[in-house]
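Asks: What follows is a predicted protein model with its sequence.
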Amino acid sequence: MKNGRLIILLLAVFLILSCGDSKIEVQNTLLVLDTYPSNGAEINADLNKIMVFFSSAVDENSLTADSFKLELVGSVDIKSSGVAVNISIGNIPDDKSMVELIINETPLTNGAVYRLSIDSVKATNGAALAQKYYRFFVVKNK
């Protein structure tokens, strides 16, 4: 009986000691926390700014023409579907956790659905976006 307890104790000590070098790594990723207007919002046709809020400061050098894309994805006029809207990067506050997008082509089409794609943005600590993000907005009918 004593030998059985001793073997169990030795096995427990062995398991504890052999796991001492294990490391748990948490992958550092950048997240899109929200947008204004929010996903699925009904917006006015004269909307001229969209704000994107991130989980940490973004590296301004990672913001390219491919980082943000606003396009018409649904409307009564199906021929215009998939048309990109001319947007540019506007204000970035000092904490760099928000990017303002300027919509250069207004008004937007009444009754249309627009998709904002967010991709290839990096944080100042080098973290990449966890995934490609999509946000949808519906323009109010007159």
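Replies: Yep, that arrived.
Asks: Under the pLDDT cut-off, which ranges of the chain? List them.
Replies: Within the chain, the segments meeting pLDDT under 70 span 1-27, 76-81.
Asks: Apply 80 and report the result again.
Replies: 1-27, 75-82, 142 (pLDDT under 80).
Asks: would you list every one of the helices in it?
Replies: 2-18 (DSSP state H).
Asks: Strands of that one, residue ranges please.
Replies: 32-36, 41-43, 49-54, 68-74, 84-85, 87-89, 98-103, 113-118, 133-139 (DSSP state E).
Asks: for those, which one sits closest to N125?
Replies: Nearest to N125 among the strands of the chain is strand 49-54; the distance by CB to CB comes to 11.9 Å. All C-beta atoms are positioned from the backbone trio N, CA, C, and that covers glycine.
Asks: so how far is the closest one off the chain centroid?
Replies: 10 Å (CA atoms, centre = their mean, to the nearest Å).
Asks: please renumber so the chain begins at 58
Replies: In the new count, where the first residue is 58, that last one comes out as strand 106-111.
Asks: can you list the residues that contact it?
Replies: 87-94, 125, 127, 144, 147, 154-160, 173, 175, 178, 180 (CB atoms under 8 Å, 6 or more residues apart in numbering).
Asks: export the strands of the chain to TSV and tack on mean neighbour count and distance to S119?
Replies: Shown next, in TSV, are those (neighbours: other CB atoms under 10 Å; distance: least, CB to CB, whole Å):
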stretch	mean neighbour count	distance to S119
strand 89-93	16	14
strand 98-100	12	26
strand 106-111	18	11
strand 125-131	17	12
strand 141-142	14	20
strand 144-146	16	11
strand 155-160	19	11
strand 170-175	18	12
strand 190-196	17	14
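Asks: Out of these, which is closest to N118?
Replies: strand 144-146 (12.0 Å).
Asks: Report all helices and strands that the closest one contacts.
Replies: strand 125-131, strand 155-160 (3 or more CB pairs under 8 Å, 6 or more residues apart in numbering; DSSP states H and E).
Asks: List just the one of those strands that sits closest to A114.
Replies: Using CB to CB, those put strand 155-160 closest to A114, at 9.6 Å.
Asks: Any idea how far apart the tips of stretch 101-111 sit?
Replies: Stretch 101-111 stretches 24 Å from its first residue to its last (CA to CA, to the nearest Å).
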